[in-house]
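> How does the following fold in three dimensions:
(chains A, B, C and D)
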Number of protein chains: 4
Amino acid sequence: MTTPAASHGYVLTLSCADQPGIVHAVSGALLEANCNITDSQQYGNPVTGTFFMRVAVETTTAYAQLHDQLAVIAEQFSLTWTLNATGAPVRTLIMASKAAHCLNDLLFLQRSGTLPVEIPAIVSNHMDLKPLADFYGIPFHYIPVTADTKAEAEAALLALVAELDVELVVLARYMQVLSDDLCTALAGRAINIHHSFLPSFKGARPYHQAHARGVKIIGATAHYVTAVLDEGPIIEQEVIRVDHGHSAEKFVSMGRAVEARTLAQAVQWHAEHRVLLDGHRTVVFA
Amino acid sequence: MTTPAASHGYVLTLSCADQPGIVHAVSGALLEANCNITDSQQYGNPVTGTFFMRVAVETTTAYAQLHDQLAVIAEQFSLTWTLNATGAPVRTLIMASKAAHCLNDLLFLQRSGTLPVEIPAIVSNHMDLKPLADFYGIPFHYIPVTADTKAEAEAALLALVAELDVELVVLARYMQVLSDDLCTALAGRAINIHHSFLPSFKGARPYHQAHARGVKIIGATAHYVTAVLDEGPIIEQEVIRVDHGHSAEKFVSMGRAVEARTLAQAVQWHAEHRVLLDGHRTVVFA
Amino acid sequence: MTTPAASHGYVLTLSCADQPGIVHAVSGALLEANCNITDSQQYGNPVTGTFFMRVAVETTTAYAQLHDQLAVIAEQFSLTWTLNATGAPVRTLIMASKAAHCLNDLLFLQRSGTLPVEIPAIVSNHMDLKPLADFYGIPFHYIPVTADTKAEAEAALLALVAELDVELVVLARYMQVLSDDLCTALAGRAINIHHSFLPSFKGARPYHQAHARGVKIIGATAHYVTAVLDEGPIIEQEVIRVDHGHSAEKFVSMGRAVEARTLAQAVQWHAEHRVLLDGHRTVVFA
Amino acid sequence: MTTPAASHGYVLTLSCADQPGIVHAVSGALLEANCNITDSQQYGNPVTGTFFMRVAVETTTAYAQLHDQLAVIAEQFSLTWTLNATGAPVRTLIMASKAAHCLNDLLFLQRSGTLPVEIPAIVSNHMDLKPLADFYGIPFHYIPVTADTKAEAEAALLALVAELDVELVVLARYMQVLSDDLCTALAGRAINIHHSFLPSFKGARPYHQAHARGVKIIGATAHYVTAVLDEGPIIEQEVIRVDHGHSAEKFVSMGRAVEARTLAQAVQWHAEHRVLLDGHRTVVFA
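Numbering: from 1, shown residues only, chains lettered A, B, ... in the order given. Predicted coordinates for the structure are as follows:
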């Protein structure tokens, strides 16, 4: 079929209690709105009885009208759902400390059009990364954190999130543990990178733990932040081989590249609306 | 939702010229037949304008009735389609020569329930693999091939395919080039394993070619057979790292494991009705 | 240089406290014995101060003579060392229970010449795998194990090990925990395959643990057996990607192939004298 | 053994016609110079009869003295050899055009200490990457190239190479074919990244070729530059999986990360003196 010039792309995601008729109802609403389905994935978790769906469509219908038509279905089937314009940038705040590798990758991939995000702010508890933020022309917010000022610092962050209309917070090797309250406030919209193949080597110095254990593969894990440290729903994991000749410091150096690309992949999938929460697991329609 | 004890699983695959309403029509027919969608993937190729869909459902409806209801939709949208009971074994004939590794893996995986196939016959141009066939209790057909008897041998094979109701022919390192006529007769239902990462190193002795070129990664390619040698639609590829210390013979030895698992994966996906043809490419709903 | 027809290949491995002159002394002894070095790797662990070396040579000198010449160096530098004819089969006893996949791979790879081992016995606490042993013509020893007979069963195993001159015991998904005494008796010459990416998911049902945690990659770990369960020195690890659509049972099925090839790789490296112990880590000269 | 504070690290590489006594002679000279071997790899190519060796040592001996002592051995065995201080930065000139991903990675990895190189100049036929060069404080040389000015441009490059004492030229997606003369002038010290898994898809638009062929894995190849396009000795290759849903443009986008890390790995190994030429293959002591 020919796609008229004025067509728009949208991505619909939904989850709900599994029941017959969902796909038929949704596809009916999409058909009524002149949507052509270009890509779709559906999955029913047989254990939890939850149904998940992601649909990408092309249509001449405007967002508001499509949203209204889908809202009827959403009401009927008690959907948890989102509707977004394809490729519309997700407003993303990045937090980092001193290590630059994850931030550098995210900024480069945003600039080169790979990551559909816009970055209204970078927040750090150190000044080291300001020049990198400046190079990319992104406002840099220095929010130092001490035991005494932690509550204050987190309040400042939440104020920024609200003020800048931030949809996603990315912890790009931000070396502070967030309070339970902050984790709760950002539930489902904060992604962290942990520098091990979880659940192995939680906590501090995971590469040194891995080296001491003598593993032959190391990895990194991108996950949503939850109040329990390193226990949030996993979005993506990547690994690389190591050998006896590599010191713990070499693990750290080799691991940086893995951390950066694992985090970037998780952010990309999140920003493309491919990640849906299924309890403390994720459904990733990659 | 609760799944009654008498429910059946089916897998529907379809492709057609892309047009609005397909998913709605199909999901409508499925809903009418009391089908619950447990898994589905859809893809529209924007270049060729072809739409592809795979749906797994659970239902109490019998096969014949479901088939009849879907046939109406198939007619309406000019679908190329299949409907199969989930996990129903695909009748698979395996051809091999002297090398046992691919055959050994396929037989083991069939026996252990990983591959949803049944194997009514093994055909070989040598006697070497008969003991392995005997161990698994599978009829072994010795069909020698010389330049003079090739046409005759291929006729014997096709007779077996017809007689045994064979749905899939797997060339598990079968070291004879099939005639164009045989390739045509088996189009879309014959899978070959080539021992290189195609399109690199077509033809004979690919590991020796790879060694001479000094590559750092070798691989294997499972593809549908077509009349043009090593040019058929690729289903799956796998690779492993090699280094300067490995001889060409070591490449051969290391490559066996990759060939076996690449072919097994392709056969599994085919037998689970996950592979759809899109010109000389494949859509794999893995 | 030309290699005369009567030349032999040998593999020398050694470790010792690091000190200047080791390589010079060893290479001097090898030169004196007319050895040509075809492959060698050396590694000094800067933390433990231990030096490791593996040398493959070609020579016309007989084993006994070479051994005597090297014994002088070994004495001088207090070496822990081995000298083996290249490719000489390591006498390997395989233990298994009901699952066939690891055993099937090991037997196939032994038969096809990939694994330089000979297998004088298969020991199992069940009868299920006897036909497979029979097919390969390997004596099958049924040694059932109950809480009451465990000591007796382990004694029978050790008697077999002694009687058959067994150099390596491979636990190919043998589903019994060995006693501390047996672990000690087999220290450094028993390899186990654990069906997780250690140290994640020790103990029982690791795939179900992994599924519950929602990991995106699963793996297998081959390690030397020690008295502390799943804590022995790791020889090799392999991983594969999984996704939300895979059930815990599917993890089990997918994991089998990874277990089999991880164990086979570890056995191959061990039998090629590529694995040296460095405390509870391994040096693998792959 | 204890390493005194004033010790130096050196890396020796050598190749020569295989013959007995090389290792003994080299280790003798190293011992005489009070060198402790911390890491070494040796390999004899049985086909070409060439022997390769890399040794890392710690010693209190100064470079000049060690060099002189080794020169005697080098003379005796007709060695092709290098001796470098461990970690001493290799003077590296980077050439790029408009695409920033490889350059960005190389500069970041140099700055963060992962790549032991120093970068006295970036050369480009476009101005696009000047801001990135400026950010890292590296002189940017704009040398435009047209059919008419190609000889002149290459002369300017060679002048820079000479003037800046450049040891390595890296073509970081530099989109001009070098003349045969330039290739010859830079033989063994120019590394290119080709955006395909060579020898598949030589020449222009490899991702589009790969997409048209329907491959399931794409890759990148880092190789030394030779006069025959995309035929130079391969240093490193990396791959990633793709599927039917990815357009050729998506291949391009996904491939960037692979290109960047493949090139960075090749540069790192070269700069660590781990890559030795063996005809048109490489020995990589990784």
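> neighbours around the closest residue to chain D within the stretch 51-200 of chain A, how many?
The nearest approach of the stretch 51-200 of chain A to chain D comes at A:Phe135, 4.8 Å away (CB to the nearest CB). In this view, the C-beta of every residue, glycine as well, is placed from N, C-alpha and C. Residues near A:Phe135, counting by other CB atoms under 10 Å in any protein chain shown, number 16.
> do A:Ala6 as well
8.
> which SS state does it fall under?
State at A:Ala6, reduced to three classes by DSSP: H, G, I helix; E, B strand; the rest coil: coil.
> Tell me, how many residues neighbour the closest residue in space to it that isn't next to it in sequence?
Distances taken as CB to CB, 6 or more residues apart in numbering or on different chains put A:Thr60 closest to A:Ala6, at 5.7 Å, once the chain neighbours are dropped. When neighbours are counted by other CB under 10 Å, A:Thr60 registers 14.
> Tell me where the model's unsure across chain A.
A:1-5 (pLDDT under 70).
> And the strands in it, which stretches?
A:8-17, A:36-45, A:50-59, A:80-85, A:90-96, A:117-124, A:140-142, A:168-171, A:190-194, A:217-224, A:234-241, A:275-278, A:281-284 (DSSP state E).
> In TSV: those, plus distance to chain B.
Shown next, in TSV, are the strands of chain A (distance: least, CB to the nearest CB, whole Å):
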stretch	distance to chain B
strand A:8-17	8
strand A:36-45	4
strand A:50-59	8
strand A:80-85	17
strand A:90-96	24
strand A:117-124	24
strand A:140-142	40
strand A:168-171	26
strand A:190-194	25
strand A:217-224	13
strand A:234-241	9
strand A:275-278	14
strand A:281-284	12
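> between these, which gets nearest to C:Met127?
strand A:217-224 (36.5 Å; CB to CB).
> Export only the CA atoms of that closest one, formatted as CSV.
The C-alpha trace of strand A:217-224 is given here as CSV (Å, rounded to 0.1, in the frame of the first residue of the first chain):
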residue,chain,number,x,y,z
ILE,A,217,33.3,-14.1,31.6
ILE,A,218,32.4,-10.7,33.1
GLY,A,219,29.4,-8.6,32.3
ALA,A,220,27.2,-5.6,33.0
THR,A,221,23.5,-5.3,33.8
ALA,A,222,21.1,-2.4,33.1
HIS,A,223,18.1,-2.5,35.3
TYR,A,224,15.3,-0.3,36.6
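> Any idea what the closest residue to chain C within the stretch 1-150 of chain A is bridged to?
Nearest residue of the stretch 1-150 of chain A to chain C: A:Tyr43, at 5.7 Å (CB to the nearest CB). Residues in a beta bridge with A:Tyr43, per DSSP bridges, are A:Phe52, B:Asp39.
> neighbours around it, how many?
25.
> correct me, but A:Asp39 touches B:Asn45?
No - between A:Asp39 and B:Asn45 there is no contact under CB atoms under 8 Å: 10.3 Å.
> any idea what sits nearest the residue lying farthest from the centre of chain A, other than its immediate chain neighbours?
Relative to the centre of chain A, and counting by CA atoms, centre = their mean, the farthest-placed residue is A:Gly245 at 34.7 Å. Nearest residue to A:Gly245, sequence neighbours excluded (CB to CB, 6+ apart): C:Tyr43, at 5.7 Å.
> Sounds good, over and out.
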